[in-house]
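Trainee: Quick one: sequence and predicted model below, then my questions.
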Amino acid sequence: MRLPNRLAAIALAAALAAGTAPSALAQSDAKVLKVVPHSNLAILDPIWTTQYMVRNHGYMIYDTLFGTDEKNKIQPQMVESWTVSPDNRLWTFTLRPGLQFHDGQPVTAEDVIASLQRWGKRDTMGQKLFTFVDRMDAPKPDTFRIFLREPNGFLIEALGKPSSNVPFIVPKRVADTPADKQIDDYTGSGPYVFKRDEYKPGEKAVYLKNPKYQPRKEPASGTAGGKNVYVDRVEWNLAMRDAQTQVNALAKGEIDIIEQPAFESYAALKADPGVQVVNSNPVGFQYMLRFNHLHKPFDNPKVRRAAIAALNQEAFLKAQVGIKDYYRPCPSMYGCGTPYGSVKGSEIQAKGGIKQAQELLKASGYDGTPIVIMKPTDLASITKLPDVAAQLLRQAGFKVDLQSMDWNTLVSRRAKKDPPAQGGWNIFATAWVVPDIWSPLTNAATNGLCDKAWFGWSCDAELETLRDQFARETDDAKKKQLADAISARAFEIGTHAPLGEYVNPLAARKNVSGFVTGPGNFYWNIKKN
């Protein structure tokens, strides 16, 4: 017994000498937040993709000029103040003092301009904004100006866009990376620092509290307000993909948060006295099925409409979600209950069915070309959608090739324009937070810019003309009329199929508090007791 006791004494003395007595070690553990995110993190450039894991990564390490609070109002974030000329064409912004990047360099107006230029090449709303921008300049290090060719009604809304793609501010040297090439420098100015040497795709990602960050004084609200950090370290467990393993680990206290539990896990989670279920995104998500407009058979709008007629929302929602209180059918491309929640043109889906789909497909001239549907195997919130799509489309008369892959492989593959027989695709399903789709300018799937459009590359001059008119309009009633017209045109040409709405509350240990309401998983304001 002497040897173990002696070793224990030595270990205790060493711990005391290092300032890490048992109580201190326990306190240190309380400052580490262990999270199972909703997916793997394999891409680190939040402008390169609309993937939400990359957006969430972006919010950890970058900051934004404006934020959107939990009441969906735009609030200043990095910006201290701004002015607008009488003709609404010159906007002048001053950055708040004390902003600095993780490497200690100050955030300047030149960094802002370069960041916005890169974002504007890829984001749907950014692309539309930059059709109005004549030029930008930086008269002082803390001041940047945007000169518009003509006024528009959404500049601040674009700069405060809360979800993908978010106009994060990065150093100019990083922003100078071509928009079609991923960045390899992850220096930001946000509340956390990315621990690159501990990052292992498929295993873990680690973020440390940024001691240089100066949060705003206002309370945290959505992506706005004070981003106060109360933990020293956040660890994302990227390897724990099995739903039951996640539930067991949370019950044992081995992890602190499951971002998006599998829907079949909620009964067990709610029964655990040590676990809380928190709906931090009450606005919710919309499921969507996207067609590839470049290749047969969905290069034909008649074939796309035949498919939409077959895609019954209730079938998708029952299979994927299954909890009645967590979902609802919604025929609107902009989400139901939103300012532009139009149902114009949706009859093809809302009142369609297999019989009508069969008739439309026969009349379309469909020649039996197999359609490749990509199915993610590791994203619990959407993995059943492709199976339902395959079943309904087969009933309508399509030949279907359902191909399984992990989500990050799907995300990479959907960016390829190759024919389906050569590694391309015809259909994928995804989910958007409602703020990403609730306007013709934020909804990437209603973009008709052809090769510059979102994956699927919808191409329609009439759609773009209507979106241009919407961007210029300042009268709310006229904007609603234009949104209706855009909805009708999008259904007419079959840009995509909305599949209904749902919520997916997080699960956490009861000693975790301070969750921020908003369209993503945010890790400021959170405390672990």
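Mentor: That came in fine, so what should we check first?
Trainee: Tally up the residues packed near the closest residue to residue 509 other than its chain neighbours, please.
Mentor: Distances taken as CB to CB, 6 or more residues apart in numbering put residue 256 closest to residue 509, at 5.2 Å, once the chain neighbours are dropped. From N, CA and C alone the C-beta is placed, and that goes for glycine too. Other residues lying near residue 256 total 23 when counted by other CB atoms under 10 Å.
Trainee: Distance-wise, check residue 256 relative to residue 231.
Mentor: 9 Å (CB to CB, to the nearest Å).
Trainee: shared neighbours, those two?
Mentor: 33, 528 (CB atoms under 8 Å, 6 or more residues apart in numbering).
Trainee: so where do the helices sit in the stretch 301-450 of the chain?
Mentor: 301-310, 313-320, 347-350, 354-364, 385-396, 407-413 (DSSP state H, counting those that start in this stretch).
Trainee: out of the ones you listed, deepest packed?
Mentor: helix 301-310 (a mean of 24; mean count of other CB atoms under 10 Å).
Trainee: Please work out the angle formed by the directions of that helix and helix 354-364.
Mentor: 170 degrees (axes from the mean of the first three to the mean of the last three CA atoms, to 10 degrees).
Trainee: export helix 301-310 as CSV, just CAs?
Mentor: Output of helix 301-310 as CSV, limited to C-alpha atoms (Å, rounded to 0.1, in the frame of the first residue of the first chain):
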residue,chain,number,x,y,z
PRO,A,301,-39.5,22.7,-66.8
LYS,A,302,-42.4,20.4,-67.7
VAL,A,303,-40.6,17.5,-66.1
ARG,A,304,-39.8,19.6,-63.0
ARG,A,305,-43.5,20.5,-62.6
ALA,A,306,-44.5,16.8,-62.9
ALA,A,307,-42.1,16.0,-60.1
ILE,A,308,-43.4,18.8,-57.9
ALA,A,309,-46.9,17.5,-58.3
ALA,A,310,-45.9,14.2,-56.9
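Trainee: what's in contact with that helix?
Mentor: With CB under 8 Å, 6+ apart as the criterion, helix 301-310 contacts 291, 293, 297-298, 348-349, 352-354, 356-357, 360-361, 363-366, 392-393, 395-396, 398, 491-495, 497.
Trainee: likewise stretch 231-242?
Mentor: 28, 31-37, 40-41, 60, 192, 200-209, 246, 249, 255, 378, 523, 526-528.
Trainee: ok, now stretch 78-94?
Mentor: Against stretch 78-94 from outside (CB under 8 Å, 6+ apart): 63-66, 76, 95-97, 99, 107, 112, 142-151, 155, 169, 189.
Trainee: how far does that stretch stretch from start to finish?
Mentor: 9 Å (CA to CA, to the nearest Å).
Trainee: Over to stretch 183-194?
Mentor: Span of stretch 183-194 from end to end, CA to CA: 14 Å.
Trainee: Relative to the whole chain's centre, how far out is it?
Mentor: Here the centre of stretch 183-194 is set off from its chain's centre by 18 Å, with CA atoms, centre = their mean, to the nearest Å.
Trainee: Sort out which residues of that stretch are buried, please.
Mentor: 183, 186-194 (16 or more other CB atoms under 10 Å).
Trainee: And stretch 198-210, by the same measure?
Mentor: By neighbour count on 16+ other CB under 10 Å, the buried set for stretch 198-210 is 199, 204-210.
Trainee: Please apply the same query to stretch 169-185.
Mentor: 169-172, 174-175, 177, 179, 183.
Trainee: Tell me which residues touch the residue nearest to residue 272 when sequence neighbours are not counted, please.
Mentor: Leaving aside its sequence neighbours, residue 272 sits nearest to residue 251 (CB to CB, 6+ apart; 5.4 Å). Contacts for residue 251 (CB under 8 Å, 6+ apart) come out as 272, 274-275.
Trainee: who wins for neighbours among these?
Mentor: residue 275 (19 neighbours).
Trainee: Per-residue pLDDT of that residue, please?
Mentor: Reported pLDDT at residue 275 in the predicted model: 98.
Trainee: ditto for residue 184
Mentor: Per-residue pLDDT puts residue 184 at 97.
Trainee: quick one: buried residues of the helix or strand hosting residue 477?
Mentor: In this structure, residue 477 sits in helix 476-493 according to DSSP states H and E. Residues 479-493 are the ones in helix 476-493 that count as buried (16+ other CB under 10 Å).
Trainee: and it, what's its mean pLDDT?
Mentor: Averaged over helix 476-493, pLDDT sits at 97.
Trainee: If you count contacts, what does whichever helix or strand comes after it end up packed against?
Mentor: Using DSSP H and E, the helix or strand that directly follows helix 476-493 along the chain is strand 496-502. Packing contacts for strand 496-502, counted by 3 or more CB pairs under 8 Å, 6 or more residues apart in numbering; DSSP states H and E, involve strand 285-291, helix 313-320, strand 327-328.
Trainee: rerun at 10 Å
Mentor: Under the contact definition 3 or more CB pairs under 10 Å, 6 or more residues apart in numbering; DSSP states H and E, strand 496-502 sits against strand 285-291, helix 301-310, helix 313-320, strand 327-328, helix 347-350, helix 385-396, strand 427-433, helix 476-493.
Trainee: Can you give me every residue that contacts residue 391?
Mentor: 310, 315, 319, 400, 402 (CB atoms under 10 Å, 6 or more residues apart in numbering).
Trainee: Format the contacts of residue 251 as a markdown table; extra columns: secondary structure.
Mentor: Conversion of the contacts of residue 251 to a markdown table gives the following (DSSP: H, G, I helix; E, B strand; the rest coil):
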| residue | secondary structure |
| --- | --- |
| 272 | coil |
| 274 | coil |
| 275 | strand |
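Trainee: all helices for the stretch 151-300 of the chain, in order.
Mentor: In the stretch 151-300 of the chain, the helices defined using DSSP H, counting those that start in this stretch lie at 155-159, 172-175, 243-251, 266-271.
Trainee: Need the winner for burial among those.
Mentor: helix 155-159 (a mean of 21).
Trainee: Could you export that helix as PDB, CA atoms only?
Mentor: What follows is helix 155-159, C-alpha atoms only, in PDB (Å, rounded to 0.1, in the frame of the first residue of the first chain):
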ATOM      1  CA  LEU A 155     -28.700  47.400 -48.100                       C
ATOM      2  CA  ILE A 156     -28.700  47.300 -44.300                       C
ATOM      3  CA  GLU A 157     -30.800  44.100 -44.400                       C
ATOM      4  CA  ALA A 158     -28.100  42.500 -46.600                       C
ATOM      5  CA  LEU A 159     -25.200  43.600 -44.300                       C
END
